[in-house]
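*Asks:* Curious how this folds, go ahead:
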Amino acid sequence: MKIIIFGANEIGFMIASEFYTDNDITVIDEEKNKIDSFNKLDVGFISGNASNIDVLKQVGLKENDIFIACTGSDELNIVACLTVKRVCRAKTICFVRKEEYKSSLGIAKDAEYGSDFYIDNIIWPEDLLTQEIFRIITVAKALDVENFANGKARLLEYKIPKYSMLVNSQVKNCEFPKDTLIVGITREGELFIPNGETTLLEGDKVIFMGLSHSLNVLAGKFFHEKEFVKYVTIIGGGSVGLKLAKTLSSFNLKLKIIEKDEDRCHYLSEELDNVLVINGDGTDLELLNEEDISSSDVVVSVTNNDEKNLLCSLLLKHLGTPRVISRVTKDTNIALFEQVGIDIAISSKTVSMNEIKNNIRSTNIGILATVEQGKGEVLNIDLPQNITTVKLMDLKLPSKAIIGIIRRRNRIIIPHGATEIMSGDSLIVFTTSTNAPIIKKYFEKI
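*Replies:* Residues are numbered from 1 along each chain as shown. You can find the predicted model right below:
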């Protein structure tokens, strides 16, 4: 597959790094914008502006190709994607940073308008980041949350605390609720697929998949009993902070926002109902103590500055805040945040990559999500109509993977060894990023 990336910046490099080994990648941008990291990759480079038809003609776009516009300019990205549609019918993916563009472009291809002049996929990274944080906030103590099958099934990740009944127990003896599976464990930075003989240790980050109701039972039994999220504080009243507060305000939660800019505070007060807006600096220890921020169930630091988010988060952990979620703008900082004790560090670039992986799908296999900074992948595999029915225990997978969910018409099945997979089933499979290519090839040939 040919993938054209308009934007030789950090996000463009992340996309190219992910796909260049199996695809023909060409990057378009002005030479002055090209970051040095691209020199490490075997990709083509064209100096110019992708909104120029003559530049696009140099690439030779065809209908089955992918065009991704991810420069720092919304307008440039939009014009480039629309120009591509004038040249051919390649699939277009456009990054935007303003809500109004996402809203207006999202309806541009609606059948009501009867136009072929549209953009296939709009990615607003801050919106995806907000959705990710919201999912995690609403499940007490979860490190990661992914919803599948319209919310009927889920992936939840938890860290095993010191005094948990799970410590030093083998998986086969844990008596997890029916319709739940343990699919992955991260230990000392390494993700692996467990089996029944695996012993759980203090500090393990354990990934479960299953029916949503069953996972709620599991969480209540092993991780947070009857604890619910009631108090949330958001540090940073920018677009992510505002959107997160709006999303959370429809729930029965007590919400606070700390924002340093006074004019922005006035705007937030007008936009938000039943949210306490505090004009102050989230790194001000005296303010954090005065407002009793550490009593919040969750504090989310979402300024656009990594250093400030890190300092805020460290202060909050020092004050005893139960759970701290921090926004990270540079993906390389995620490991640092977690190493110094921040519960959850999330990057808008990472969640955007998940969206792109799911949209770039040339076979019956797509990527629904990644976990642990890309170390694990959740694959969606649509089985063809002509396969032979087989029990899972007889399925000889070439690498370690767990089929966690089967979607069969209107049914959601959490399988076990004797469960049969059939023609037309849709499988949700968990595996490591190392094993993912092998698993994909296996199911492509099945």
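*Asks:* ok, residue 30 - contacts?
*Replies:* 47, 48, 49 (Cβ atoms under 8 Å, 6 or more residues apart in numbering). Quick note: C-beta positions are derived from backbone N, CA and C, even for glycine.
*Asks:* Weed out the non-buried ones from these.
*Replies:* Neighbour-count burial (16 or more other Cβ atoms under 10 Å) applied to the contacts of residue 30 gives residue 49.
*Asks:* Now, the contacts of residue 30 that are in helices?
*Replies:* With DSSP state H as the criterion, helices contain none of the contacts of residue 30.
*Asks:* out of the contacts of residue 30, who's nearest residue 375?
*Replies:* residue 47 (35.3 Å; Cβ to Cβ).
*Asks:* For the closest one, which residues are in contact?
*Replies:* By Cβ under 8 Å, 6+ apart, residue 47 lies in contact with 29, 30, 31.
*Asks:* what about 10 Å?
*Replies:* 8, 27, 28, 29, 30, 31, 32, 33, 34, 55 (Cβ atoms under 10 Å, 6 or more residues apart in numbering).
*Asks:* how about those in TSV, adding distance to residue 257?
*Replies:* Converted to TSV, the contacts of residue 47 look like this (distance: Cβ to Cβ, whole Å):
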residue	distance to residue 257
8	36
27	39
28	40
29	37
30	38
31	42
32	38
33	35
34	38
55	44
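*Asks:* how about those, which pair is most distant?
*Replies:* Checking these with Cβ to Cβ, the most distant pair is 32 and 55, at 15.7 Å.
*Asks:* the helices in the stretch 151-300 of the chain, which residues?
*Replies:* For the stretch 151-300 of the chain, the helices defined by DSSP state H, counting those that start in this stretch cover 212-219, 239-248, 262-271, 285-290.
*Asks:* Spatially central residue in this protein, please.
*Replies:* Nearest to the centroid of the C-alpha atoms of the chain, with distances taken as Cα atoms, centre = their mean, sits residue 351, at 3.4 Å.
*Asks:* List the residues that contact the closest residue to that residue other than its chain neighbours.
*Replies:* Once flanking residues are discounted, residue 351 sits nearest to residue 128: 4.3 Å by Cβ to Cβ, 6 or more residues apart in numbering. Listed by Cβ under 10 Å, 6+ apart, the contact partners of residue 128 are 348, 349, 350, 351, 352, 353, 354, 355.
*Asks:* From those, pick the one nearest residue 294.
*Replies:* Among the contacts of residue 128, and counting by Cβ to Cβ, the member closest to residue 294 is residue 348, at 26.5 Å.
*Asks:* Tell me the backbone dihedrals of that closest one, please.
*Replies:* For residue 348, the backbone dihedrals (degrees, to the nearest 10) come out as phi -70, psi -30.
*Asks:* now do residue 197
*Replies:* phi -90, psi -10.
*Asks:* quick one, what contacts it?
*Replies:* Contacts of residue 197 (Cβ under 10 Å, 6+ apart): 170, 171, 172.
*Asks:* For PyMOL, what selects the buried ones among these?
*Replies:* Selecting only the buried entries of the contacts of residue 197 in PyMOL, with 16+ other Cβ under 10 Å as the criterion:
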select buried, resi 171
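*Asks:* how about the contacts of residue 197 in CSV, adding distance to residue 93 and pLDDT?
*Replies:* Output for the contacts of residue 197, formatted as CSV (distance: Cβ to Cβ, whole Å; pLDDT from 0 to 100):
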residue, distance to residue 93, pLDDT
170, 45, 96
171, 40, 96
172, 44, 94
